[in-house]
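[1] 3D, please:
(one chain, ligands or ions: 1)
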Amino acid sequence: MKFIWMMLLFSFTAAAVVDSEGVLVHEYGDGLNGEYITRYYLQVGDEMMPLSLSREFLKKQPIHRWLGSKVQVFSDQGLEKNKNNPIMAVKLIEGANPVSGSQPWISLLCRFSDNSDEPKNLSYFNGMYANQPAGLDHYWREVSYSNINVVGSVAVDWVSLPSPRSTYVTIDNKGDEDADLSLLFDDCVGAVDAFVDFSDAGNGQSFQGINMMFNDSLDCCAWGGSRWRTLDGVQKSWRSTWNPPWSYANEGVIAHEMGHGFGLPHANNSDGDDNPYDSPWDVMSAATGYGVNHNTYGRLGKHINMYFKHALGWVTDANDGFVADSQSDDVFLLRYTAHQAQTGIKFVRIPLSDGTEYFVETRKTVGDYESNLPGTAVIIHHVSECRNQPPWVVDADDPPADYADTEGVMWKTGETFIDPIDGFEVHVLNEFTNGFNVRIKASSDLIRRNGFEATCF
Ligand SMILES: [Zn+2]
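    The predicted model follows:
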């Protein structure tokens, strides 16, 4: 009997759950050659502990909305630095910072100490934040329907980092370049700290984000994410981007990295390949593909898909949406995404029996950011929060196209999408100046798949 008790005690100890408190830190890397990297950490004191999040975990706990927040992380071994730490659960301790209102960013222009190049001048970076077409203040106001602005954003002129590029970018054991994003952050911020007050963006609050512009390539990638730091007495998650010259040559890339700073993951098409940059309908997928070309700022950003806007609170079911259910048979005008009217329906949300959903919207080749899109059409995203890229553009073609600029993803007058999961129908009836009339109809014989599991990729 004693022996059994000892066995029980031992097995209980071995299975003990260790919980650690800290702040969720994220980094998304975007390669010039199509590679992409996703990293999550728990910031505990001065240490960043890498978190390994399985698909099964993400299916239960989509943490994209908690990035930058204080959380409790449960693991079976405890967390260690420089280790792959498999995670069992994450619990939110303090509510995520809402992405609303004034979001002033600051651009820091940092030269490596062994390189005097200044690829763009200060006025280029200041002009990038303008509240006029092609400026990021104008852009984010339009994309968010004025839920955010970046008014008060400024750039600081070129400064030298204390060390040469080789200090920040080293060669890893696979022979690839590896940029030390924390050191780059600390040294780039440190180089301006004597004359920049990060706690005061001129509007009574601190800066929200830091765009770091470097004068040479980093590793594979441009990066967007966050850093938890105390700057000028303000301790918080600073939205952060790390940009090589090819990044700020096209404003769409900066918009994409700022999107990561706001906590957005990538969007994708439906072809199932390993490339998340193959939907031209979303700045969080193909950042520059089918973007409007601007003389000074290159390819500009496009809108983000309606699921992302919904997740950020920039559109709501009550004000902007139509939510389908098993009784739906409704006809209405679905306004095009870039339309700035405060009234009208901007999206249809169709919750499905497997826990996934569709977001239906109209895109139109019009305006400062969307006029170069592949076409004017109803676009449908299937959203599964357990995927690394939750929204995928639905494609009628089989197999789906490699790049989602084909007719298969554009639902036009006379075409009908029939959802293969629950049988919802989206009929595109006719086109008007401000959008398409659509009919949303539940299946008369609604297919409810018991126990059907959404596929996680
Ligand atoms: Zn990205």
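[2] For the stretch 151-300 of the chain, just list every one of the strands.
    Secondary structure of the stretch 151-300 of the chain, counting by DSSP state E, counting those that start in this stretch: strands at 154-160, 169-171, 177-179, 209-214, 221-231, 234-243, 293-294, 298-299.
[3] Partner strands of the helix or strand containing Asp19 and their direction?
    Using DSSP states H and E, Asp19 falls within strand 18-31. Partner strands and pairing direction for strand 18-31 (DSSP bridges) are strand 36-44 (antiparallel), strand 70-75 (antiparallel), strand 221-231 (antiparallel).
[4] Can you say which of those is nearest to Ser107?
    Taking CB to CB as the criterion, strand 221-231 is the member of these that comes nearest to Ser107, at 13.8 Å. Using the backbone N, CA and C atoms, a C-beta is placed for each residue, glycine as well.
[5] so how far is that closest one off the chain centroid?
    For strand 221-231, the separation from the chain centroid amounts to 14 Å (computed by CA atoms, centre = their mean, to the nearest Å).
[6] buried set for that strand?
    The neighbour-count criterion (16 or more other CB atoms under 10 Å) identifies 221-229, 231 as the buried residues of strand 221-231.
[7] again with stretch 95-102
    By neighbour count, and taking 16+ other CB under 10 Å as the criterion, the buried residues in stretch 95-102 are 96, 99.
[8] so where's the protein shaky on pLDDT?
    1-15, 59, 62, 97, 445-457 (pLDDT under 70).
[9] Nearest the geometric middle of it, what residue?
    The residue lying closest to the centre of the chain (CA atoms, centre = their mean) is Leu264, at 1.9 Å.
[10] Quick check, that one in contact with His64.
    Yes - shown here, Leu264 and His64 form a contact pair, counting by CB atoms under 8 Å, at 7.5 Å.
[11] Which residues are in contact with each of these two?
    Where contact means CB atoms under 8 Å, 6 or more residues apart in numbering, the residues bridging Leu264 and His64 through contact with each are Ala311.
[12] about what we covered before: spit out the contact partners of the residue nearest to the centre of the chain.
    If a contact means CB under 8 Å, 6+ apart, then Leu264 has 64, 284, 304, 308, 311-312 as its contacts.
[13] so which two of the residues you listed are the farthest from each other?
    Based on CB to CB, the longest span within those runs between His64 and Ile304 and measures 13.0 Å.
[14] more crowded one of the two?
    Set side by side, His64 and Ile304 show more neighbours around Ile304, with 26 against 17, by other CB atoms under 10 Å.
[15] which SS class is the more buried one?
    Here Ile304 takes the coil state, with states given by DSSP: H, G, I helix; E, B strand; the rest coil.
[16] related to what we said a few turns ago, of all the strands of the stretch 151-300 of the chain, which one comes closest to the ion?
    When these are compared by CB to the ion, strand 221-231 sits nearest the ion, at 6.1 Å.
[17] anything in that closest one near the ion?
    No - for a cut-off given as CB under 5 Å from the ion, strand 221-231 has no contacts with the ion; the smallest distance is 6.1 Å.
[18] For Val25, which non-adjacent residue is closest in space?
    Leaving aside its chain neighbours, Val25 sits nearest to Tyr41 (4.3 Å; criterion: CB to CB, 6 or more residues apart in numbering).
[19] contacting residues for the nearest residue to Val44 once chain neighbours are set aside?
    Nearest residue to Val44, sequence neighbours excluded (CB to CB, 6+ apart): Gly22, at 4.1 Å. Neighbour list for Gly22: 42-44, 49, 70-71, 73 [criterion: CB under 8 Å, 6+ apart].
[20] helix/strand/coil for the closest residue to the ion within the stretch 51-200 of the chain?
    Of all residues in the stretch 51-200 of the chain, His64 sits closest to the ion, with a separation of 12.9 Å (CB to the ion). Taking three-state DSSP as the rule, one finds His64 in the helix state.
[21] hang on, it packs against Pro391?
    No - contact status for His64 versus Pro391: not in contact, 11.2 Å apart, counting by CB under 8 Å.
[22] Torsion angles phi and psi at the closest residue in space to Gly190 that isn't next to it in sequence?
    Distances taken as CB to CB, 6+ apart place Pro162 nearest to Gly190, at 7.7 Å, with adjacent residues excluded. The phi and psi values for Pro162, taken as degrees, to the nearest 10, are phi -70, psi -20.
[23] same thing with Glu56?
    Comment: the main-chain dihedrals of Glu56 come out as phi -60, psi -40, following degrees, to the nearest 10.
[24] and the gap between it and Ala89?
    Using CB to CB, to the nearest Å, Glu56 is found at 11 Å from Ala89.
[25] Neighbour count: the two, which is higher?
    For the pair Glu56 and Ala89, the greater number of neighbours falls to Ala89 (14 against 10), based on other CB under 10 Å.
[26] Determine the number of other residues adjacent to the nearest residue to the more buried one once chain neighbours are set aside.
    Taking CB to CB, 6+ apart as the measure, Ala89 lies nearest to Phe74, with 4.4 Å between them; neighbours along the chain are not counted. A total of 14 residues lie near Phe74 under the criterion other CB under 10 Å.
[27] ok, Phe74 - contacts?
    Contacts of Phe74 were listed using CB under 8 Å, 6+ apart, and they are 17-19, 87-91.
[28] List phi and psi for the residue nearest to His64 when sequence neighbours are not counted.
    Distances taken as CB to CB, 6+ apart put Pro265 closest to His64, at 5.4 Å, once the chain neighbours are dropped. Main-chain dihedrals, Pro265, degrees, to the nearest 10: phi -80, psi -170.
[29] Just to check, Pro265 is in contact with Pro390?
    Yes - with contact defined as CB under 8 Å, Pro265 counts as touching Pro390 (6.6 Å).
[30] Return every residue with contacts to both of those two.
    Between them, Pro265 and Pro390 share the neighbouring residues His64, with contact defined by CB under 8 Å, 6+ apart.
[31] With adjacent residues omitted, what lies nearest to Leu312?
    Val99 (4.9 Å).
[32] Name the SS class of the one you found, please.
    The assignment at Val99 comes out as coil when based on three-state DSSP.
[33] distance of it from Gly272?
    Taking CB to CB as the measure, Val99 falls 30 Å from Gly272.
[34] Same question for Trp223.
    Distance of Trp223 to Gly272, computed by CB to CB: 26 Å.
[35] rewinding a little: can you verify my assumption that the residue nearest to Val25 contacts Ile63?
    No - taking CB under 8 Å as the contact criterion, Tyr41 and Ile63 are not neighbours in contact, 11.9 Å apart.
[36] joint contacts of these two?
    Leu24.
[37] Tell me how many other residues crowd the residue in the chain that the ion sits nearest to.
    Evaluated by CB to the ion, the chain has Asp30 as its residue closest to the ion, separated by 3.9 Å. Each residue near Asp30 was counted by other CB under 10 Å, and the total is 22.
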